[in-house]
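# output the structure for:
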Amino acid sequence: MTLDNIQQIACVGGGVIGSSWAIQFAMKGLSTTLYDINQEQLDKSESQMHKSLDALEQYQAITPQQRRELTERITLTTSIEEAVKNAQFIQESGPERLEIKQSILAQVEQYAAPDAVYASSTSGLLITDIAAKAAHPERCVGAHPYNPPHLIPLVELTSGKTTSPEILTLVYAFYQSIGKEAVLLRRECPGFIANRLQLALYREVQDLVMRGVCSVEDADKALVYGPGLRWAIFGHNMIMQLGNPGGLTGMVQMLGSSGDRWLEDMASWTHQPDNWAEVAQPGVDQEMAHFPDHVGHTNVECAAHRDRMLIELLKLHRKL
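Numbering: from 1, shown residues only. Here you go, the predicted structure:
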């Protein structure tokens, strides 16, 4: 299997993730089949897909003509055989339960070509475990997207104990070729990279709020209007590089051990507060009430604002 051979994609499992993956592949000109377990689920996946396309068209990321061409590349089916039999690349997005993912892989292996690449959108399971009973574990790779995949370029790649290094290289090249930004874990790790960074930050947010240092709303504001703006452009190491004439080395030397006092006072617990939701939900409700009208005051309105902002950022990054 080579990069040029990958022309037909199977998205096995729909929902928010699978339907978004189908859009991603179709936007890059690839023939894509979207499979779901029954017609009811498939209809829901199709509806979710069109909601995402509505936003892309509304915010001028695609034209009506491009939308028609894109949807013509996507075939919907409730037959897993039809979905995978001619596919060179299979993107699985089933429920996040090991036994279900193992069952899906077993079904795929009944009908797919033995050299077809199998990428699991797992958000926490290890690909070694998913492929433990597979006939061809060497072609299985973990490929964790950030939601929604057609808007967030990140995909985190993990190889299992028996994954072929050549397959991993191929998967990396494939995702890069369709506009994704792939990052490679050198060994399997629970939570991967981005979710661990996110949870570490969120632990500190929880701790600051629970200790009465700040409100939920102000913690969010501090992120959005401070580091969040910079992080939307560069990662933290690059921010350090630009923060001092001497680059990252100069910044580290300038800061010295001054951060040690902060670290001593920062959260280090390993169990999240049991009553966090009771504390945080009223704060989030208040935060939404305080948003200006152009952002919105409901989940639906705020999600639309998020998508609009993501699309504009992606245009700046030249990803759309």
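# switch to C-alpha atoms for all contacts and neighbour counts from now on
Fine.
# next SSE after the top helix by length along the chain?
With DSSP state H setting the assignment, residue counts place helix 39-58 as the longest helix in the chain. From helix 39-58 onward toward the C-terminus, using DSSP states H and E, the following helix or strand is helix 64-72.
# please state the offset of that next one from the chain centre?
Its chain's C-alpha centre lies 24 Å from the corresponding centre of helix 64-72 when counted by CA atoms, centre = their mean, to the nearest Å.
# tell me the buried residues in it?
67, 70-71 (16 or more other CA atoms under 10 Å).
# and the contacts of whichever helix or strand comes after that helix?
Scanning forward in sequence from helix 64-72, with DSSP H and E defining helices and strands, the next element found is strand 74-77. The set of residues external to strand 74-77 that reach it, using CA atoms under 8 Å, 6 or more residues apart in numbering, is 22, 26, 31-36, 42, 83.
# ok, 10 Å please
Surrounding strand 74-77, the residues in contact under the criterion CA atoms under 10 Å, 6 or more residues apart in numbering are 9-12, 14, 19, 22-23, 25-26, 30-39, 42-43, 45-46, 82-83.
# then stretch 260-276?
Stretch 260-276 is contacted from outside by 200-210, 279, using CA under 10 Å, 6+ apart.
# show me which of the residues you listed are buried.
203-210, 279.
# in strands only, show me the residues you listed.
When strands are assigned by DSSP state E, not one member of the buried ones among the contacts of stretch 260-276 lies inside them.
# so which of those sit within helices?
The members of those that map onto helices under DSSP H are 203-210, 279.
# surely L242 touches M251?
Yes: judged on CA atoms under 10 Å, L242 makes contact with M251 at a distance of 8.8 Å.
# what ranges do the strands span in the stretch 101-250 of the chain?
The residue ranges that make up the strands of the stretch 101-250 of the chain, judged by DSSP state E, counting those that start in this stretch, are 117-120, 140-145, 154-159, 181-184.
# tabulate those (CSV), appending mean pLDDT and mean neighbour count.
Formatted as CSV, the entries for those read as follows, by pLDDT from 0 to 100; neighbours: other CA atoms under 10 Å:
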stretch, mean pLDDT, mean neighbour count
strand 117-120, 98, 26
strand 140-145, 97, 28
strand 154-159, 96, 24
strand 181-184, 96, 18
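# can you redo those as CSV with distance to M288?
CSV is the format used below for the strands of the stretch 101-250 of the chain (distance: least, CA to CA, whole Å):
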stretch, distance to M288
strand 117-120, 35
strand 140-145, 27
strand 154-159, 27
strand 181-184, 31
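# of all those, which one comes closest to L170?
For these, proximity to L170 was assessed by CA to CA; strand 117-120 is nearest, at 9.0 Å.
# same for that closest one, what does it pack against?
strand 8-12, strand 89-92, helix 98-111, helix 127-130, strand 140-145, strand 154-159, helix 165-177 (3 or more CA pairs under 10 Å, 6 or more residues apart in numbering; DSSP states H and E).
# how about 6 Å then?
strand 89-92, strand 140-145 (3 or more CA pairs under 6 Å, 6 or more residues apart in numbering; DSSP states H and E).
# take the buried residues of helix 64-72 and lay them out in JSON lines including distance to G94.
Formatted as JSON lines, the buried residues of helix 64-72 follow (distance: CA to CA, whole Å):
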{"residue": "R67", "distance to G94": "26"}
{"residue": "L70", "distance to G94": "23"}
{"residue": "T71", "distance to G94": "22"}
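# any chance of those residues in TSV, plus pLDDT?
Compiled in TSV, these are given as follows (pLDDT from 0 to 100):
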residue	pLDDT
R67	97
L70	96
T71	96
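# still on that earlier bit, make a PyMOL selection of whichever of the contacts of strand 74-77 turn out to be buried.
Buried members of the contacts of strand 74-77, defined by 16+ other CA under 10 Å, are picked up in PyMOL with:
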select buried, resi 9+10+11+12+14+19+22+23+25+26+30+31+32+33+34+35+36+42+45+46+82+83
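# return the residues in contact with V209.
Residues in contact with V209 (CA atoms under 6 Å, 6 or more residues apart in numbering) are S215.
# if you set the cut-off to 7 Å instead, what comes out?
Under the criterion of CA atoms under 7 Å, 6 or more residues apart in numbering, the neighbours of V209 are 215-216.
# burial of P190, as a residue count?
Neighbours of P190 under the rule other CA atoms under 10 Å: 11.
# nearest residue to it other than its sequence neighbours?
Beyond its immediate neighbours in the sequence, the residue positioned closest to P190 (CA to CA, 6 or more residues apart in numbering) is G124, lying 6.1 Å away.
# number of nearby residues for the one you found?
Neighbour count for G124, taken as other CA under 10 Å: 16.
# and what of the one 5 residues further on?
The number of residues packed around D129, counting by other CA under 10 Å, is 15.
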